[in-house]
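> Sequence plus the predicted model coming up.
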Amino acid sequence: MKPLQELVRPNIWALAPYSSARNEYAGREARVFLDANENPYNQPFNRYPDPLQLELKEALSKVKGVPAENIFLGNGSDEPIDLAYRCFCQPGIDNVVAIEPTYGMYKVCADINDTEYRPILLDEHYQITAEKLLAAVDEHTKIIWLCSPNNPTGNSLRREEIVKVIEGFEGIVIVDEAYSDFSAVTPLRSELSQYPNLIVLNTMSKAWGCAAIRLGMAFASKEIIAIYNKVKYPYNINQLTQKQALEALKDPYEVDNWVKILLQERGRMVDAFALLPICEKVYPTDANFFLAKMTDAQKIYDYLVDRGIIIRNRNRVQLCKDCLRITIGTKTENNELLAALRQY
Ligand code: PMP
């Protein structure tokens with residue numbers, strides 16, 4: 001890995017971050033708060049939340065097996081995705097390399113941040129070689145984006161290739177593991193300490209059933225987390241989110257149970273789709289959704305919308321012609337979808 005200073009945007013490296021009222025007395029006991037221009041009434045909503053969310057990070061640390069100092073929390077994982085550009089990529093100069101197809105926000109945030117996005121097509125098994133990705137790198141490449149299990153394809157990328165990318169690239173490799181709770185593959189976050197240039201993304205929006213509270217995570221070295229903390233909004237995770245996340249984290253067994261049920265349903269749905277005359281292929285999946293190649297994705301999509309059933313039409317995505325992406329719902333919801341498709 002290049003020295004971090006060479007990877008971080010010079011203005012960000014030099015940035016003197018905002019120092020919030022709640023940061024400045026840190027470590028000492030306090031009783032009377034007359035520092036932050038808050039209203040003393042309307043508790044508990046009158047006070048600013050912890051800008052570094054320490055209690056929540058401690059709780060997450062136990063569940064995720066990553067030290068609290070290696071955790072950054074964002075407003076969904078979309079925040080650490082955008083921050084990656086703002087921290088590392090000089091607009092108009094730097095570029096990033098990514099697999100294609102993948103989660104759309106990597107490209108949207110590249111465009112917002114005026115950073116060239118270099119998509120590298122997956123093969124017909126939706127896999128990639130490190131060699132192909134690394135061949136697209138030049139001296140201005142700051143980030144390589146990987147997503148495993150990948151969205152919208154559903155499969156995990158081969159671990160040997162991911163490791164080769166991390167070891168073979170001198171910049172930052174970001175592996176989005178939003179769906180890793182649905183996969184039997186060991187998550188990469190457990191190997192974080194081996195790779196100083198690795199950022200792993202997680203979210204509470206999928207297996208944890210908390211998409212509404214907007215809580216995403218980046219796991220990385222202390223040094224990278226410090227850069228992220230410099231650039232983020234001072235109070236980026238609101239009090240209600242912190243409280244609700246702590247509540248959810250008290251019951252990881254409930255999440256395990258949801259995952260178990262969803263995986264059973266996933267197996268049933270994949271089998272049922274394979275038997276539909278309008279389904280040509282179901283792709284292997286490690287996520288809480290699967291991709292299916294249909295006879296006519298657009299027509300089937302419109303037919304389902306007319307019946308109030310919404311799935312994701314990926315027909316226009318590269319390598320996904322005539323593909324629909326189906327999220328696993330409750331047994332009742334899944335049955336409704338199957339019944340509608342059998343009547344098509
Ligand atoms: N990463 C991937 C791969 C996703 O599919 C999604 C959401 N569809 C996200 C990140 C965003 O998650 P969040 O709700 O945490 O912003």
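That came through, no problem.

> who touches the residue in the stretch 1-150 of the chain positioned nearest to the ligand in this structure?
Of all residues in the stretch 1-150 of the chain, the one sitting closest to the ligand is residue 76 (2.6 Å; CB to the nearest ligand atom). Just so you know, the C-beta spots here come from the backbone N, C-alpha and C atoms, and that holds for glycine as well. If you count contacts by CB atoms under 8 Å, 6 or more residues apart in numbering, residue 76 has them with 203, 205, 214-216.

> and the ligand, which of these reach it?
Filtering those for proximity to the ligand (criterion: CB under 6 Å from any ligand atom) leaves 203, 205, 216.

> Bridge partners for the last one, pull those for me.
Partner residues in beta bridges with residue 216, using DSSP bridges, are residue 74, residue 203.

> number of nearby residues for it?
Residues within reach of residue 216, counting by other CB atoms under 10 Å, total 22.

> So for the longest helix along the chain, what gets flagged as buried?
Counting residues, the longest helix found in the chain (DSSP state H) is helix 252-275. Applying a neighbour-count criterion of 16 or more other CB atoms under 10 Å, the buried positions in helix 252-275 are 255, 259, 262-263, 265-266, 269-270, 272-273.

> Likewise for stretch 172-179?
Within stretch 172-179, the residues that qualify as buried by neighbour count (16+ other CB under 10 Å) are 172-179.

> Check stretch 135-144 too.
Going by neighbour count (16+ other CB under 10 Å), the buried part of stretch 135-144 is 137, 141-144.

> neighbouring contacts of it?
Identification of contacts with stretch 135-144 by CB under 8 Å, 6+ apart yields 7, 84-85, 88-89, 93-98, 116, 118, 120, 133, 165, 169, 171-174.

> Could you rerun that using 7 Å?
Contacts with stretch 135-144, where a contact means CB atoms under 7 Å, 6 or more residues apart in numbering, come from 7, 84, 88-89, 93-97, 118, 120, 133, 165, 169, 171-174.

> try stretch 77-86
With CB under 7 Å, 6+ apart as the criterion, stretch 77-86 contacts 72, 74, 105-106, 109-110, 113, 115, 143, 174, 176, 178, 199, 201, 203, 216, 218, 228, 231-232, 236.

> do stretch 189-205 as well
Residues from elsewhere that reach stretch 189-205, judged by CB under 7 Å, 6+ apart: 1, 64-66, 70, 76-77, 80, 84, 166, 169, 171-178, 188, 210-211, 213, 215-221, 224, 245, 248.

> and those, which of them are in helices?
Using DSSP H to define helices, the subset of the contacts of stretch 189-205 located there is 64, 80, 84, 166, 224, 245, 248.

> that older thread, so for the residue of the stretch 1-150 of the chain closest to the ligand, what's the pLDDT?
You'll see residue 76 listed with a pLDDT of 98.

> Quick one: mean pLDDT over the longest helix of the chain.
Mean pLDDT, computed over helix 252-275, is 97.

> quick one: residue 171 and the ligand, what's the gap?
Residue 171 sits 20 Å away from the ligand, taking CB to the nearest ligand atom, to the nearest Å as the criterion.

> Show the contacting residues for that residue.
Residue 171 is in contact with 2, 7, 141-144, 197, counting by CB under 7 Å, 6+ apart.

> what about 10 Å?
The contact partners of residue 171, by CB atoms under 10 Å, 6 or more residues apart in numbering, come to 1-2, 6-7, 88, 94, 96-97, 137, 139-144, 197.

> What of residue 20?
Counting by CB under 10 Å, 6+ apart, residue 20 has contacts 26, 35-36, 48, 50-52, 233-235.

> could the buried residues of stretch 135-144 go into CSV alongside pLDDT, distance to the ligand and secondary structure?
Formatted as CSV, those follow (pLDDT from 0 to 100; distance: CB to the nearest ligand atom, whole Å; DSSP: H, G, I helix; E, B strand; the rest coil):
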residue, pLDDT, distance to the ligand, secondary structure
137, 98, 22, coil
141, 98, 21, strand
142, 98, 19, strand
143, 98, 15, strand
144, 98, 15, strand
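
> Output the lowest-mean-pLDDT helix or strand in the chain as CSV, nothing but the C-alphas.
Per-element confidence for the chain was summarised using mean pLDDT, DSSP states H and E. The lowest value among helices and strands belongs to helix 21-24, with a mean of 77. What follows is helix 21-24, C-alpha atoms only, in CSV (Å, rounded to 0.1, in the frame of the first residue of the first chain):
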residue,chain,number,x,y,z
ALA,A,21,-19.0,21.3,21.6
ARG,A,22,-19.4,17.7,22.7
ASN,A,23,-15.9,16.7,21.7
GLU,A,24,-14.0,19.4,23.5
